[in-house]
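Participant: Here is my input; please provide its structure:
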Amino acid sequence: MLVHETPLEGAALIELEAAEDERGFFARSFCRGEFEAAGLEPVVEQCNLSFNHRKGTLRGFHYQLAPNAEAKTIRCTRGAVYDVIVDLRPDSPTYLAHFGAALTAENRLAMHVPRNFGHAYLTLTDDAETFYQVSAAYTAGAERGLRWDDPVLGVQWPAAVELVSAKDASWPLLTGTARLPHADGAPLSSR
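Facilitator: Numbering: from 1, shown residues only. Below you'll find the model as predicted:
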């Protein structure tokens, strides 16, 4: 595995190092020791699979409050998605900054998302599928979110957003008087 740092500390893009021959290739997609050496959280409590019928489907931004905050590693196993993370650590120099990358079945990249980050993706193809390794179990009462189109975040999605769940469309904006709880339970400051 090759671990590439992103502009957001603790987040990384993970590239496979494939050993190829006439049969195809073999590559390690996860190694606890390599994750630890790169400063990434290697705990896997739960694995999830997400399938999306239509191009333009947006999922997110999601995060969980402490003590259920979770690190995630996401890989696109079919089709393509544009994966975006947002730094929600109030003491971070990149607080509320975002980073995005195309994850595709062809490039086989994975995004490592640290605890206290929001995560979303937009499908770039029909029939897109993603696989998540997650460090904490999903806890419904701890789930929170940010609006995918919040002007404070300023994410430039590379394609039209065609389908968003009612839940994801209803997260409050960071602008105005809305105050969102941060992933550690503290409120985000109003913008």
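
Participant: Ignoring the adjacent residues along the chain, who's closest to residue 39?
Facilitator: residue 10 (6.9 Å; CB to CB, 6 or more residues apart in numbering). Placement of C-beta: from N, CA and C, glycine included.

Participant: Now stretch 72-85 - C-alpha only, CSV.
Facilitator: Coordinates of each C-alpha in stretch 72-85 appear next as CSV, following Å, rounded to 0.1, in the frame of the first residue of the first chain:
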residue,chain,number,x,y,z
LYS,A,72,-13.5,5.3,8.1
THR,A,73,-11.7,3.9,5.1
ILE,A,74,-13.8,4.0,1.9
ARG,A,75,-13.1,2.3,-1.4
CYS,A,76,-15.3,2.3,-4.5
THR,A,77,-15.6,-1.3,-5.8
ARG,A,78,-17.9,-0.6,-8.7
GLY,A,79,-18.3,2.5,-10.9
ALA,A,80,-17.0,5.8,-9.6
VAL,A,81,-17.7,8.3,-6.8
TYR,A,82,-16.4,11.8,-5.8
ASP,A,83,-15.5,11.4,-2.1
VAL,A,84,-15.3,14.5,0.1
ILE,A,85,-14.2,14.9,3.7
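
Participant: average model confidence for that stretch?
Facilitator: Mean per-residue pLDDT for stretch 72-85: 98.

Participant: again, but for stretch 92-111
Facilitator: Averaged over stretch 92-111, pLDDT sits at 97.

Participant: okay, how far is it across it, tip to tip?
Facilitator: In stretch 92-111, first residue to last residue: 19 Å (CA to CA, to the nearest Å).

Participant: Show me which helix runs longest in the chain.
Facilitator: Counting residues, the longest helix found in the chain (DSSP state H) is helix 32-37.

Participant: So which other helices or strands are in contact with whichever helix or strand comes after that one?
Facilitator: Tracing the chain past helix 32-37, the next element assigned as helix or strand by DSSP states H and E is strand 46-52. Strand 46-52 sits against strand 128-134, with contacts defined as 3 or more CB pairs under 8 Å, 6 or more residues apart in numbering; DSSP states H and E.

Participant: Name the residues that touch the strand it packs on?
Facilitator: With contact meaning CB atoms under 8 Å, 6 or more residues apart in numbering, strand 128-134 is reached by 30, 44-52, 55, 57, 70-81, 103, 121.
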